[in-house]
Structure formats: C-alpha cells, structure tokens
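> need the 3D shape of this:
(one chain, ligands or ions: 2)
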Amino acid sequence: PRGSNPLAAPERQDAGASTSYAGVRAFDDLPISQYTKDGLKKHKYVTLTAIQRAALPHALAGRDVLGAAKTGSGKTLTFLIPVVEKLYRAKWTRLDGLGGLVLTPTRELAVQIFEELKKVGTYHDLSAALLIGGKAVAEEATRVASMNILVCTPGRLLQHMDETPGFDTASLQILVLDEADRILDMGFAATLDAIVANLPRERQTMLFSATQTKSVRDLARLSLTDPEYLAVHAEA
Ligand code: ADP
Ligand code: MG
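Ligands and ions are numbered 1, 2, ... in the order given. Alright, predicted model coming up:
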C-alpha cells in the first residue's frame, strides 16, 4: 500500500485517475499558466524529463511529493514550476509576502536554483531572493521580509527566522527541500526541524533527493502529509 515502504516504491509514471494528463510529454501540454509556458519556451525547455513527467501531475494537483531521481535528471524544474504555479493560481502579489520557500544544502546549489527560477518566472510578477549568507545578516534582512519566494541554505534561513524582525512565514504555501539527503548528510537535521517548526502546517511540501535513504524517509514523515513517492531510476 502507498506510503508503507517508500524505499521500495516502484517507478510510477501512471499517476492515476485524478491526474490523467500524466502521459504528457511537453510543457505546453501541462495545466500551467501561459506565463510559465512562455518562460520555459524562451529558455528552450520543451520536453519533460522522466521525473518531471512522474512528479509534476501530483505536485500541480497540490499533493505532497517525495521524489528521488539521480543528479542531472531535472529535479529543479520539477519543484520550481509547482512553486510558481501555486502562487500564480492564488493570485499572489508582491504585497502578500512569503509564499514559497526552497531549501538546499549549499550556496552553489541555491544560486543554480535561483537562475532556473528566473527562467520559470520570467513573465510572472513575483519577487524572489537568495538567502545564502556571504552578506551581513542585517543587509539581507532589509530585503528578506517582503519576498514572495526565497531560495535558502538551512543555517542562514534559521538565522533570519531567529533574528530578523518582520520576517513572517505565516502565509507560506509551499515548501521544497532539495537534495534532502545531502541536507541530512551535512548535519542540518536539527536546523531543518527548527525551520519546519516555524512554518504553517497547512502547506504543500515537496522533498527531493538523489537517493532514497532511510533518513530521507524519516524526514518525509516529519514534513509531508500523505505523500506520493516517486522514484525514477533512469531517463525514459
Ligand atoms: P537535478 O537537480 O536532478 O540534478 P537539474 O534540475 O539541475 O537536475 O537539471 C539538470 C540539467 O538539465 C540542467 O542543465 C537543466 O537546465 C536541464 N533540464 C532540466 N529539465 C529539462 C528539460 N525538461 N529539458 C531540457 N533540459 C532540462
Ligand atoms: Mg538538483
């Protein structure tokens, strides 16, 4: 039964009745905004990768997702498209504060994610920022409070949660843990727990890793609700 043993989860590309568009091959065929489609097209993204085909239908339907697929398989768009679409559908404006949060283990990965976010968000009117240290906390703090989407490393995010006045996570709609296995390997488990404790429970959560380890499964229990487990082992 679903959820009983995520480590043994088979490849699932048939996503079920409520997501019958799971067979789509192209971004243009997804139920996403024209703004997102145009941004993807502008940056030459046309055909979905296997993890994108497997996970996007569930993610776009608002479900929690745990996705495992090897490095280079296209996990970034798999979570960024649902983040942007969630806020677009909610008619999120710059005045609505923090709606989406992406956590990743390193500054380098955060920068890469942010570059992809700029592509997906090219024609959207959303604000986004990187929160990765390297600047004075106070300097970051002036911008952090008003952003719609933040891409963060865990330590830096928790520091702002603790120290930055006016940094409000109460309206958060969607949380992404990218490279959850590495986040744990790097010793961020306690930091992650503290972050998640600060977030509203009513939200969508997506958790991605390159491997399906027991610790990732444990993390999923903490932060996912009735998740879809999707593992893609090879490019289709
Ligand atoms: P992962 O996070 O799984 O390691 P990335 O999201 O970083 O993989 O994607 C790896 C590379 O593949 C990036 O250069 C990205 O731009 C590219 N890519 C992702 N999705 C697609 C796609 N649907 N079509 C073409 N290239 C893609
Ligand atoms: Mg990645």
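> what comes up buried for stretch 119-126?
By 16 or more other C-beta atoms under 10 Å, the buried positions in stretch 119-126 come out as 119-121, 124, 126. The C-beta positions use only the backbone N, C-alpha and C, and glycine is treated the same way.
> tell me which two in the residues you listed are the farthest apart.
Within the buried residues of stretch 119-126, two members stand farthest from each other by C-beta to C-beta: 119 and 126, at 13.1 Å.
> can you redo the buried residues of stretch 119-126 as a markdown table with pLDDT, distance to ligand 1 and secondary structure?
Shown next, in a markdown table, are the buried residues of stretch 119-126 (pLDDT from 0 to 100; distance: C-beta to the nearest ligand atom, whole Å; DSSP: H, G, I helix; E, B strand; the rest coil):
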| residue | pLDDT | distance to ligand 1 | secondary structure |
| --- | --- | --- | --- |
| 119 | 98 | 8 | helix |
| 120 | 98 | 11 | helix |
| 121 | 98 | 15 | coil |
| 124 | 97 | 18 | coil |
| 126 | 97 | 20 | coil |
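> now do residue 14, the pLDDT please.
With respect to pLDDT, residue 14 scores 43.
> typo on my end, residue 5
So residue 5 comes in at 43 (pLDDT).
> and what of residue 2?
42.
> just confirm yes or no for the helix or strand encompassing residue 230 near ligand 1.
Element membership of residue 230 [criterion: DSSP states H and E] is strand 228-232. No: applying C-beta under 6 Å from any ligand atom, one finds strand 228-232 out of contact with ligand 1, separated by at least 9.5 Å.
> list just the nearest of the buried residues of stretch 119-126 to residue 216.
Of all these, residue 216 sits closest to residue 120, with 24.9 Å by C-beta to C-beta.
> contacts only, for that closest one.
Contact analysis of residue 120 by C-beta atoms under 8 Å, 6 or more residues apart in numbering lists 36, 39-40, 77, 80-81, 84.
> returning to that earlier point: so what strands line up beside the strand holding residue 230?
Each strand that pairs with strand 228-232, with its direction, by DSSP bridges: strand 65-69 (parallel).
> what sits up against the strand it pairs with?
6, 50-51, 54-55, 58-59, 75, 78, 205-212, 216-217, 220, 224, 227-233.
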